[in-house]
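> I would like to see how this sequence folds:
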Amino acid sequence: MHEVPIVDESIRLGQFLKLASLLDSGSDAKAAIADGLVSVNGDVEVRRGRQLRPGDTVSIGTESARVVRG
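Numbers count the residues shown, from 1 in each chain. Have a look, this model is predicted:
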């Protein structure tokens with residue numbers, strides 16, 4: 001798992017997947033989320049606009065990234 005700093009207080013899930021290099025594009029993020037392949041803090045998340053805050057962990061497959069304050 002790697003830590004990904006954000007400047008603001010929160011970031012949307014779709015944006016974070018790209019920022020953390022877990023997925024390459026917004027369309028990939030949209031599809032993966034819709035297919036139930038993305039989890040936040042261990043729970044499957046199907047909302048692309050889900051607000052993430054420092055401390056949240058996002059996983060897809062075997063890859064994980066944690067949101068940290070930057």
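
> does Ala32 belong to a helix or a strand, and which?
Assigned by DSSP states H and E, Ala32 belongs to helix 26-34.

> where do the strands sit along the chain?
Assigned by DSSP state E, the chain shows strands spanning 2-6, 11-12, 38-40, 43-44, 51-52, 57-60, 63-69.

> re earlier: chain center to the helix holding Ala32, what's the gap?
Computed by Cα atoms, centre = their mean, to the nearest Å, the chain-centroid distance of helix 26-34 equals 11 Å.

> returning to what we had before: ok, which of the strands of the chain comes nearest Ala31?
strand 38-40 (10.1 Å; Cβ to Cβ). (C-beta placed from N, C-alpha, C; glycine too.)

> For Val38, give me its contacts.
Leu13, Leu17, Ala29, Ala32, Val44, Glu45, Val58, Ser59, Ile60 (Cβ atoms under 8 Å, 6 or more residues apart in numbering).

> so the fourth one touches Leu13, yeah?
Yep, that's Ala32 we're talking about. No. Assessed by Cβ atoms under 8 Å, Ala32 is found out of contact with Leu13, at 10.1 Å.

> on that earlier part again, give the other helices and strands that the helix holding Ala32 contacts.
Secondary-structure packing of helix 26-34 (3 or more Cβ pairs under 8 Å, 6 or more residues apart in numbering; DSSP states H and E): helix 13-19.
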